[in-house]
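In: sequence and predicted structure are below.
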Amino acid sequence: MTATNAPILITGAGQRVGLHCAMRLLDDGHPVIFSYRSERPGVQALRERGAIGVFADFSSEAGILAFIAELNTHAQSLRAIIHNASAWIAETSDEHSHAFTDMFSVHMLAPYLINLHCSPLLQRSSPADIVHISDDVVRKGSRQHIAYCATKAGLDSLTLSFAAQFAPLIKVNGIAPAMVMFNDADDAAYRAKVLAKSALGIEPGPEVIYQSVRYLLDNPYVTGTTLTVNGGRHIK
Ligand SMILES: NC(=O)C1=CN([C@@H]2O[C@H](COP(=O)(O)OP(=O)(O)OC[C@H]3O[C@@H](n4cnc5c(N)ncnc54)[C@H](OP(=O)(O)O)[C@@H]3O)[C@@H](O)[C@H]2O)C=CC1
Ligand SMILES: Nc1nc2c(c(=O)[nH]1)N=C([C@H](O)[C@@H](O)CO)CN2
């Protein structure tokens, strides 16, 4: 029996892109389950709109499995899973190995284990989708974010493998943004440098990611694809 109006799970939705997409999914009538690691105003705002928040620390296998167990107490089916949670750590930090394992865990191990353990919940919904939020930087690598880029490349590989494994019941796609929203600490010089990297030269904001999510959820004939949302960086 196919679930009607099954919830959508989005990870890392306490702030920024994830929070915006969770709010927009609620606007469009989807029940939302979201993961958060830190208590933030956005977490409370989502709860006040009826979304279910589940704590998750994806930096270890135990933390991922604990999240999956808790998730299963809240959902008997899922319309979609959006893997948004991410850590953007540069090599400037001293703890290189720690950073690599943290980003491997949040960018690759968490989507891998959640997809495998939760595919039965998705199979009770039709249509059903998995969306991996990656990064356009995978296209050419990054001198300052080597481990970040490598683990996002691994996520792109998971998109291809899970799309093949889960077809035709579950579509699996990715979104590869370049900068969509700056961080508060980004100074004017950095912002100008980043804006100059793309042909369109704008900070578009998180709605461009929601538009991409909407396209993937609504299109019945797209799987194994990663959408580039980069302002034309590749042609600059
Ligand atoms: N912002 C941009 O311009 C770009 C973003 N992207 C990608 O888009 C997505 C959204 O970006 P953005 O909104 O800036 O992301 P954020 O940097 O705001 O991270 C999203 C959330 O991920 C959560 N998170 C980080 N590490 C862990 C962990 N170990 N366990 C559980 N949760 C964790 C954080 O939760 P908490 O706050 O609760 O601790 C955070 O709120 C990401 O996948 C990012 O890589 C790609 C290119 C450009
Ligand atoms: N988890 C995150 N990933 C990324 C972020 C971020 O803030 N959190 N920001 C970027 C930058 O905008 C980068 O695209 C600028 O060139 C990349 N990934």
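Out: Now that the structure is in, tell me what you want to look at. Ligands and ions are numbered 1, 2, ... in the order given.
In: Ala6: what's it in contact with?
Out: Going by Cβ atoms under 8 Å, 6 or more residues apart in numbering, Ala6 touches Pro31, Ala75, Ser77, Leu78, Arg79, Leu121, Arg124, Ser125. C-beta coordinates here come from the backbone N, C-alpha and C atoms, glycine included.
In: helix/strand/coil for the residue lying closest to Gly205 once chain neighbours are set aside?
Out: Spatial nearest neighbour of Gly205, chain neighbours left out: Met181 (5.8 Å); criterion: Cβ to Cβ, 6 or more residues apart in numbering. Following DSSP: H, G, I helix; E, B strand; the rest coil, we place Met181 in the coil state.
In: re the thing from before, take the contacts of Ala6 and keep only those in helices.
Out: Cross-referencing these against helices under DSSP state H gives Leu121.
In: one step back: quick check: the residue nearest to Gly205 touching Gly18?
Out: No: judged on Cβ atoms under 8 Å, Met181 makes no contact with Gly18 at a distance of 11.4 Å.
In: between the two, tell me which one has more neighbours.
Out: Gly18 (26 against 16; other Cβ atoms under 10 Å).
In: the one helix or strand the more buried one maps to and ligand 1 in contact?
Out: Using DSSP states H and E, Gly18 sits in helix 16-27. Yes: for helix 16-27, a contact with ligand 1 is found by Cβ under 6 Å from any ligand atom, at Arg16, Val17, Gly18.
In: for the helix or strand bottoming out on mean pLDDT in the chain, name the packing helices and strands.
Out: Least confident element among the helices and strands of the chain, by mean pLDDT, DSSP states H and E: helix 96-104 (a mean of 89). Contacts defined by 3 or more Cβ pairs under 8 Å, 6 or more residues apart in numbering; DSSP states H and E place helix 96-104 against helix 146-166.
In: and the next helix or strand past the helix it packs on?
Out: Next along from helix 146-166, by DSSP H and E: strand 171-177.
In: who are the contact partners of the most centrally placed residue in the chain?
Out: Closest residue to the average C-alpha location of the chain: Asn84 at 1.8 Å, with Cα atoms, centre = their mean. Contacts for Asn84 (Cβ under 8 Å, 6+ apart) come out as Ile10, Thr11, Gly12, Ala13, Val17, Gly18, Cys21, Ile133.
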